[in-house]
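Asks: Next comes the sequence, and after it the predicted model I'd like to discuss.
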Amino acid sequence: MTTTLPENMTAADRRQAWFENELTGYARSGTSEANMSWDYGDELLEILTGHFLALEKILGAKEIAAPLFALLHGPDIEGETWREAFETYQPTLTQAWTGTLLIDNAGIYGLYGVTPAEIAHTDRAAWVEDLAQRLVAFRADVHPVPGGVIDRITNLALARRAIDAREGEVDLVSLALLGGVTEGRIRNILSGSDSALERSAQGVTAASAADWLKGRKEYFASIWQNPDEVAPEPASADFTGEVIFVPVAGDGSTFGPELLRNGHYTIGAKGAEVQYDTFEAALKALHRMDTPRWRRPNTAGNWGIVSGRDWKRVEKK
């Protein structure tokens, strides 16, 4: 049975995942999405309520009642006024309503890296740019609740736009969501002197975020640039030999057999370093450490201590 991973989900799979999984509260366990709901319905109703009340005050409640009720869309609208309808109305379950189109488009693009199916392949680049501009204007005009679901979805789509273009910056919450980790994990990575992520005014640079995400199996890399009929290609084939887990430093380098120096491997924090004659013994010791640390040469050839920020599954050879 094939494991469902981003790398083997088609564009159609990803679009369906937004409506079937994210809007019903689905989340990947052990990540920043755990126990997180993507259902933005209640927030949207709060926004609409404020604007509908304002229109009533300006144009008159009786005069505007019918037009406001007519704006609502769906098969199960109850009541005769918008107030009565809002008591049971679930806008996120009404995919064809204009009121949810912008947020759903932001969700499937931001989280899954695809466009709606009806967007022609040749029009997708322009669609992405238009979506980004509309979201910037929406955020400025509507002021969604900071940290709320709509705010999170909006930021996520704008973050992916920056990553796809490798320009601008990415906020830490969006980066954590895209990478399938917690925001605390991102901050820990940034605290390291050898971090592969580059800080910016509001988070990290888009270019460094794009490079870091390449190594995350949980990341739904953008595929909107490809025609839908092009099947996704797995990043790598299944392992055929013995598999081991090695620590990964903030700069993406791993602990490997090539780090033998003067006949031994050096691991541990500064002042508490231990040397091992074999790679297997050193790796076992690293597995037992709360924070694995080892010596390796930098780009200038100078040997220094780095800290493990993650673990990577590799084939032992």
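Replies: Sure, I can see it.
Asks: what about Glu218, is that helix, strand or coil?
Replies: Applying DSSP: H, G, I helix; E, B strand; the rest coil to Glu218 yields a three-state assignment of coil.
Asks: What's the separation between the closest residue to it other than its chain neighbours and Gly215?
Replies: Distance criterion Cβ to Cβ, 6 or more residues apart in numbering; nearest residue to Glu218, sequence neighbours excluded, is Gly180 at 2.8 Å. In this view, the C-beta of every residue, glycine as well, is placed from N, C-alpha and C. Computed as Cβ to Cβ, to the nearest Å, the Gly180 to Gly215 distance reads 11 Å.
Asks: And those two? Which one has more around it.
Replies: Neighbour count, other Cβ atoms under 10 Å: between Gly180 and Gly215, Gly180 has more, with 19 against 14.
Asks: Ala300 versus that one, what's the distance?
Replies: In this structure, Gly180 and Ala300 are separated by 33 Å, where distance is defined by Cβ to Cβ.
Asks: Equivalent analysis for Glu198, please.
Replies: Taking Cβ to Cβ as the criterion, Glu198 is separated from Ala300 by 19 Å.
Asks: now Glu258
Replies: If you measure Glu258 against Ala300 using Cβ to Cβ, the figure is 17 Å.
Asks: And those two? Which one has more around it.
Replies: Looking at Glu258 and Ala300 with other Cβ under 10 Å, you find the greater number of neighbours at Glu258, namely 10 against 6.
Asks: Let me see the mean pLDDT of whichever strand or helix holds Gly107.
Replies: When elements are assigned from DSSP states H and E, Gly107 belongs to helix 98-112. Averaged over helix 98-112, pLDDT sits at 90.
Asks: Show residues contacting it.
Replies: Taking contacts as Cβ atoms under 8 Å, 6 or more residues apart in numbering, the residues outside helix 98-112 that touch it are 14-15, 17-19, 22, 38, 40, 44, 48, 71, 73, 91-92, 94-95, 114-116, 128, 131, 134-135, 138, 150, 153-154, 156-160, 174, 177-178, 220, 224.
Asks: So for it, what gets flagged as buried?
Replies: Of all the residues in helix 98-112, those buried under the rule 16 or more other Cβ atoms under 10 Å are 99-100, 102-112.
Asks: Would you format those residues as TSV with distance to Trp82 included?
Replies: Output for the buried residues of helix 98-112, formatted as TSV (distance: Cβ to Cβ, whole Å):
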residue	distance to Trp82
Gly99	12
Thr100	16
Leu102	20
Ile103	19
Asp104	21
Asn105	24
Ala106	24
Gly107	25
Ile108	28
Tyr109	30
Gly110	29
Leu111	30
Tyr112	32
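Asks: closest to Thr122 among these?
Replies: Closest approach to Thr122 among the buried residues of helix 98-112 (Cβ to Cβ): Tyr109, at 17.1 Å.
Asks: Arg309: what's it in contact with?
Replies: Neighbour list for Arg309: Asn188, Ile189, Gly192, Val248, Ala249, Gly250 [criterion: Cβ under 8 Å, 6+ apart].
Asks: How far does the helix or strand the fourth one falls within sit from its chain's centre?
Replies: What that stands for is Val248. Val248 is part of strand 243-249, with elements assigned from DSSP H and E. With Cα atoms, centre = their mean, to the nearest Å as the basis, strand 243-249 stands 23 Å off its chain's centre.
Asks: I appreciate the help and will end here.
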